[in-house]
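Visitor: Here is a sequence with its predicted model. Questions after.
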Amino acid sequence: MPNVQPAAILILATLLGCAPPPGVTSDDAATTDDTGTKPADTGTKPADTGTKPVDTGVPGPFAPFADADLTDPDAVRGMANGVSAAKVYEAMFALAVFVPTDTTSPCPTLVEDKVAGTAEATGGCTDGDGAEWIGTVKTTSIPKSSYTIEALGWGFSSLVPCDSGAATSESVEYTGVAVFPDGETGPFSAELGITVTTADPVSCTTSTATTSYVSYSGTLNPPPKGANYLFSGSGRYGNDVFGKAEGSTTAELIDDSVCGTEAMSGNTTITSVANTVVVTYDGSTDCDPTSTVTWTLDGTAQGELDGVTCNTAAGGGGALAVGVFSLLLAVRRRRE
């Protein structure tokens with residue numbers, strides 16, 4: 001991928017707060033100040049402030065998603081791969097990979113302000129490799145504080161060669177804010193919507209666009225000696241395949257030198273309207289190529305669940321170029 005941010009972006013520390021993208025509320029229901037009810041006539045004329053209440057009528061970012069059915073192992077897998085602290089960080093990192101760094105490139109264009117610590121890239125063009133870039137993305141770096149990415153319809157689509165010799169396309173688009181720590185530990189947050197399509201070179205088709213949204217705050221804690229990362233955090237995740245749920249992660253430990261396919265220890269509690277699931281990571285005692293965890297449903301043990309991965313942002317085994325597409329792996333599994 002041309003002009004994208006390398007893994008070294010993760011030299012980032014104190015969290016800056018982030019807000020939902022413009023035009024989006026944090027609640028599920030549509031919000032409005034117009035109730036359709038005429039106020040009672042008290043005989044007192046209200047003061048005219050000259051300001052008319054704004055009726056946005058805009059639903060929150062999770063409104064399109066149904067509640068996740070946590071009695072369905074596929075839905076549990078999908079939620080576990082979206083709402084754990086490590087997986088949220090992975091999605092943030094994938095966005096960082098698509099941030100340009102070359103100010104001499106004609107597409108996308110990148111303008112830097114080194115004094116302010118900002119850089120802004122603009123799409124609306126096709127690069128030399130044939131990728132079509134859209135939207136804008138702005139980064140703000142505050143040394144010893146934070147590294148923030150603000151995306152507005154930012155992404156690209158590109159052609160992928162098929163086995164038949166023809167070509168199909170894949171795409172990714174982000175809107176929202178991701179805030180990294182400016183260092184190896186510290187708080188991070190995401191208020192981020194992602195839409196992706198993937199290409200199947202065998203059938204030479206493009207998948208249906210899949211949308212997800214995450215609202216999350218977490219912390220990169222100092223890991224034990226020799227380990228890569230220790231994550232904690234909480235928030236909400238939703239996608240249009242498996243629905244939405246709350247999640248809270250405690251001490252999700254990543255050590256690629258011992259187990260590169262799943263988290264070593266820790267747990268994530270996933271809560272929907274009707275059920276509660278606790279996913280327990282056990283890579284330190286049961287490192288499995290199929291990325292297994294144990295899980296409970298409303299306190300009852302359910303055995304093992306595979307496909308709950310831990311490809312994290314800078315872990316030795318392989319950074320997360322696949323990070324943003326992990327949801328699509330779950331989609332394919334569900335459709336098989």
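Guide: Alright, I've got the coordinates. Numbering: from 1, shown residues only.
Visitor: Please report how far residue 307 lies from residue 125.
Guide: In this view, residue 307 and residue 125 are 38 Å apart by CB to CB, to the nearest Å. All C-beta atoms are positioned from the backbone trio N, CA, C, and that covers glycine.
Visitor: now the helices for the stretch 151-300 of the chain?
Guide: Assigned by DSSP state H, counting those that start in this stretch, the helices in the stretch 151-300 of the chain number zero.
Visitor: all strands of it, in order?
Guide: 167-181, 186-197, 199-200, 205-206, 210-221, 229-239, 243-254, 265-271, 276-281, 293-297, 300-305 (DSSP state E, counting those that start in this stretch).
Visitor: what would those strands look like in JSON lines with distance to residue 67?
Guide: JSON lines is the format used below for the strands of the stretch 151-300 of the chain (distance: least, CB to CB, whole Å):
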{"stretch": "strand 167-181", "distance to residue 67": "22"}
{"stretch": "strand 186-197", "distance to residue 67": "19"}
{"stretch": "strand 199-200", "distance to residue 67": "30"}
{"stretch": "strand 205-206", "distance to residue 67": "29"}
{"stretch": "strand 210-221", "distance to residue 67": "14"}
{"stretch": "strand 229-239", "distance to residue 67": "9"}
{"stretch": "strand 243-254", "distance to residue 67": "5"}
{"stretch": "strand 265-271", "distance to residue 67": "10"}
{"stretch": "strand 276-281", "distance to residue 67": "13"}
{"stretch": "strand 293-297", "distance to residue 67": "15"}
{"stretch": "strand 300-305", "distance to residue 67": "19"}
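Visitor: on that earlier part again, higher neighbour count, residue 307 and residue 125?
Guide: residue 307 (19 against 14; other CB atoms under 10 Å).
Visitor: Thought residue 293 was touching that one, still the case?
Guide: No: look at residue 307 against residue 293 with CB atoms under 8 Å: they stay out of range, at 9.2 Å.
Visitor: State the pLDDT value of residue 257.
Guide: Note on residue 257: pLDDT of 87.
Visitor: what about the residue nearest the centre of the chain, which SS state?
Guide: For the chain, the residue nearest the mean C-alpha position is residue 91 (3.9 Å; CA atoms, centre = their mean). Classification of residue 91 using DSSP: H, G, I helix; E, B strand; the rest coil returns helix.
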